[in-house]
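K.L.:
I would like the atomic coordinates for the input below:
(one chain, ligands or ions: 1)
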Amino acid sequence: MPEASTEGRALVMGILNVTPDSFSDGGTWFETESAIRRGHEMIAEGADIVDVGGESSRPGAVEVPVEEELRRVVPVVEALSPHVRVSVDTVKEPVAEAAVAAGATLVNDVSASLWPVAARHGVGWVAMHRKGTPASMQDDPRYDDVVAEVRDLLADRAAAARGAGVAEIWIDPGIGFGKTVDHNLELLARLGVLVATGHPVLVGTSRKAFLGKLAAGPGGEPLAPSERLPGSLATATWALQQGAGMVRVHDVAATVQAALLVGRPARIRRDAGPSTDTEVGS
Ligand code: HH2
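P.N.:
As a prediction, this is how the structure comes out:
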């Protein structure tokens, strides 16, 4: 199971939304040709996996009919899968099936319910936690203990998938899916609880709303998605340092650069003792 790239860093999954309405890149890669071009760009930037999605899961998103989702996703998966590992971001079984037939080898499933598809075809599966549906999930979500609830659901689903014969299972806390800012922060703070399940952990914080709110400060105007790169990098780096094996991001080049650094200072100190290098700015 691929939990590290050939460079010894954690994996970076690049987000490719072939949608008109995704919260950050909606409309940008909606045409098949521009989506394929963006996929190749992400490969050049170092993406280990390209995650192709044809339906937004942002709060309030409108459901896309199967035929339309297939039209968006399948040609892009077909074009990219000879060049890079491709995952399909869908909650619909027929779309997952068609994407796998077109070359996807990982089903990225925000509903944590499509493991039978992965089992049937011998591909990997990402189980993400969410509470509610896009229509309602941000209406006052509540938990007794968000970390325990997320861990228990994901561990149950992963056990079912393992029992069905799925060999590669990732778990994902589902940052922003039925969670307040504090829930997201608690999940990040105690990510080790998910890592301790023994399943590889995927985390997606990229450009999400809580980063815009936190950066604005109390009473401030939330930052737009395009202004959230610093928070995206900080939280991706944090997640990798806590033991996540993969991060899902819009900004592939910057994240690959950050991921290369994770754990490196500690390794250098351990291997070589204190540095005497005083070089500055070069
Ligand atoms: N977040 C989004 C979509 N899919 N999959 C996983 N495994 N983890 C996530 O955190 C996750 C996900 C939402 O982000 P995005 O795809 O950028 O937006 P939209 O749903 O509006 O297309």
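
K.L.:
who's in contact with the residue in the chain positioned nearest to the ligand?
P.N.:
Distances between the chain and the ligand by CB to the nearest ligand atom are smallest at residue 204, namely 2.5 Å. Every residue, glycine included, has its C-beta placed from N, CA and C. Applying CB atoms under 8 Å, 6 or more residues apart in numbering to residue 204 gives the contacts 172, 174, 175, 247, 248, 249.

K.L.:
rerun at 6 Å
P.N.:
By CB atoms under 6 Å, 6 or more residues apart in numbering, residue 204 lies in contact with 175, 248.

K.L.:
before we move on, what about residue 47?
P.N.:
Contact analysis of residue 47 by CB under 6 Å, 6+ apart lists 12, 14, 252.

K.L.:
tell me the secondary structure for it?
P.N.:
With DSSP: H, G, I helix; E, B strand; the rest coil as the basis, residue 47 sits in coil.

K.L.:
Excluding residues flanking it in the chain, which one is nearest residue 36?
P.N.:
Leaving aside its sequence neighbours, residue 36 sits nearest to residue 79 (CB to CB, 6 or more residues apart in numbering; 4.6 Å).

K.L.:
mind checking which helix or strand that neighbour is in?
P.N.:
Assigned by DSSP states H and E, residue 79 belongs to helix 66-80.

K.L.:
So which elements touch that helix?
P.N.:
Counting contacts by 3 or more CB pairs under 6 Å, 6 or more residues apart in numbering; DSSP states H and E, helix 66-80 packs against helix 32-45, strand 49-53, helix 93-101.

K.L.:
Can you tell me what sits against it?
P.N.:
The contact list for helix 66-80 (CB under 6 Å, 6+ apart) reads 18, 32, 35-36, 39, 50, 52, 54-55, 86, 92, 94-95, 98-99, 102-104.

K.L.:
Can I have the buried ones of these as a ChimeraX selection?
P.N.:
Burial among the contacts of helix 66-80 is assessed by 16 or more other CB atoms under 10 Å; the matching ChimeraX selection reads:
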select :18,32,35,36,39,50,52,54,55,86,92,95,98,99,102,103,104
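
K.L.:
what residues does the stretch 1-150 of the chain put near the ligand?
P.N.:
Within the stretch 1-150 of the chain, the positions adjacent to the ligand are 15, 17, 19, 22-24, 53, 56-58, 89, 108, 110, 126, 128 by CB under 6 Å from any ligand atom.

K.L.:
Among these, which lie within strands?
P.N.:
Under the assignment DSSP state E, these contribute 15, 17, 53, 89, 108, 126, 128 to strands.

K.L.:
neighbour-wise, which of these leads?
P.N.:
Among those, residue 89 has the most neighbours (other CB atoms under 10 Å), with 31 neighbours.

K.L.:
Leaving aside the residues adjacent along the chain, what's closest to that residue?
P.N.:
Nearest to residue 89 is residue 53, by CB to CB, 6+ apart, at 3.4 Å.

K.L.:
how much space between the one you found and residue 184?
P.N.:
Here the criterion is CB to CB, to the nearest Å. By it, residue 53 lies 20 Å from residue 184.

K.L.:
With residue 101 instead?
P.N.:
Distance from residue 101 to residue 184, by CB to CB: 35 Å.

K.L.:
Residue 70: neighbouring residues, count only.
P.N.:
Residue 70, neighbours per other CB under 10 Å, totals 20.

K.L.:
That one and residue 24, how far apart?
P.N.:
The value you get for residue 70 to residue 24, if CB to CB is used, is 23 Å.

K.L.:
Select the longest helix from this structure.
P.N.:
helix 146-164 (DSSP state H).

K.L.:
residues of the strand or helix carrying residue 211 that come out buried?
P.N.:
Per DSSP H and E, residue 211 falls inside helix 209-216. Neighbour-count burial for helix 209-216, with 16+ other CB under 10 Å as criterion, is recorded at 209, 210, 211, 212, 213, 214.
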